[in-house]
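[1] Provided below are the primary sequence and the corresponding predicted coordinates.
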Amino acid sequence: EAGVAQSPRYKIIEKRQSVAFWCNPISGHATLYWYQQILGQGPKLLIQFQNNGVVDDSQLPKDRFSAERLKGVDSTLKIQPAKLEDSAVYLCASSLVAEARLRHNEQYFGPGTRLTVT
Amino acid sequence: AQSVTQLGSHVSVSEGALVLLRCNYSSSVPPYLFWYVQYPNQGLQLLLKYTSAATLVKGINGFEAEFKKSETSFHLTKPSAHMSDAAEYFCAVSDRKAKGGGADGLTFGKGTHLIIQP
């Protein structure tokens, strides 16, 4: 079974530029997550999709971050414009669960995209 | 909101010695708890999870963790450390209730870097 795919693996941009990250979850997984992991910290949830709908974006800085999952499969996370403090690893994860009673279902993580903003 | 505290950003043990990584959570109700491992330049891999069944949970690679409600703890242990165990370990809790159902996003601790000395 193929895992969660992410691209690019590394990206270096200057502040105020735009950048986009792509994620392809495990086939059949209904739920998709984007996390931000700043160096020395644990991952922080940015946004959660259930199929192609957003179910939690409370920690997404909406003035500069956006994400979409148009067909309920792969997803794109965009930053526009980037700031120095956006330097981090952006992790995508997916989960199979579709029922509330399975809310603890395992999340599978991709390798991440390491973003450096200079 | 729930939170997770991992005591000790770095833990060093000798090969063959007991591994103990500490995790405490804050919650008004027993949450779902997880331990993930992250190797350099890789995504997170689930070691084990507590989902209100048995309080002693066994995971992969010989790791186990015990849920103690009275102490609000979920410490990770392994009887005998191997060199291959050197990695970053994250404790996480499932908290916010996604309005659309599905598995909740995770709140992570800051991580503990495990160093194995030969």
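    In hand now; what should we look at?

[2] which helix or strand contains the residue lying closest to residue B:21 once chain neighbours are set aside?
    The shortest distance from residue B:21 to any non-neighbouring residue, by CB to CB, 6 or more residues apart in numbering or on different chains, is to residue B:76 (4.3 Å). (Glycine included, C-beta is placed from N, CA and C.) Taking DSSP states H and E as the criterion, residue B:76 maps to strand B:73-78.

[3] list the contacts of the closest residue to residue A:71 other than its chain neighbours.
    The shortest distance from residue A:71 to any non-neighbouring residue, by CB to CB, 6+ apart, is to residue A:52 (6.5 Å). Residue A:52 makes contact with A:69, A:70, A:71, A:72, according to CB atoms under 8 Å, 6 or more residues apart in numbering or on different chains.

[4] surely the residue nearest to residue B:21 meets residue B:47?
    Yes: assessed by CB atoms under 8 Å, residue B:76 is found in contact with residue B:47 at 7.2 Å.

[5] show me whatever sits in contact with both of these two.
    Common neighbours of residue B:76 and residue B:47 (CB under 8 Å, 6+ apart) are B:35, B:63, B:89.

[6] do you know how far the last one is from chain A?
    When distance is defined by CB to the nearest CB, to the nearest Å, residue B:89 is 10 Å away from chain A.

[7] any idea how far that residue is from residue B:64?
    13 Å (CB to CB, to the nearest Å).

[8] ok, and what's touching stretch A:37-48?
    With CB under 8 Å, 6+ apart as the test, stretch A:37-48 has contacts from A:31-36, A:54-57, A:59-60, A:65, A:67, A:77, A:87-91, A:112, B:4, B:9, B:44, B:90, B:92, B:98, B:102, B:105-111.

[9] now do stretch B:66-78: distance to the chain's middle.
    Offset of stretch B:66-78 from its chain centre (CA atoms, centre = their mean, to the nearest Å): 9 Å.

[10] what mean pLDDT does that stretch get?
    For stretch B:66-78, mean pLDDT is 94.

[11] okay, buried residues for that stretch please.
    Buried residues in stretch B:66-78, counted by 16 or more other CB atoms under 10 Å in any protein chain shown: B:67, B:73, B:74, B:75, B:76, B:78.

[12] closest residue of chain B to chain A?
    Proximity of chain B to chain A (CB to the nearest CB) peaks at residue B:108, 3.0 Å away.

[13] please name the bridge partners of residue A:54.
    residue A:49 (DSSP bridges).

[14] lowest-scoring secondary structure element of chain A by mean pLDDT?
    Here the helix or strand of chain A ranked lowest by mean pLDDT, DSSP states H and E is strand A:53-56, holding a mean of 89.

[15] what helices or strands is the helix or strand just after that one leaning on?
    With elements assigned by DSSP H and E, the helix or strand that comes after strand A:53-56 is strand A:65-68. Packed against strand A:65-68 by the contact rule (3 or more CB pairs under 8 Å, 6 or more residues apart in numbering or on different chains; DSSP states H and E) you find strand A:44-50, strand A:75-79.

[16] mind redoing it with 7 Å?
    Counting contacts by 3 or more CB pairs under 7 Å, 6 or more residues apart in numbering or on different chains; DSSP states H and E, strand A:65-68 is packed against strand A:75-79.
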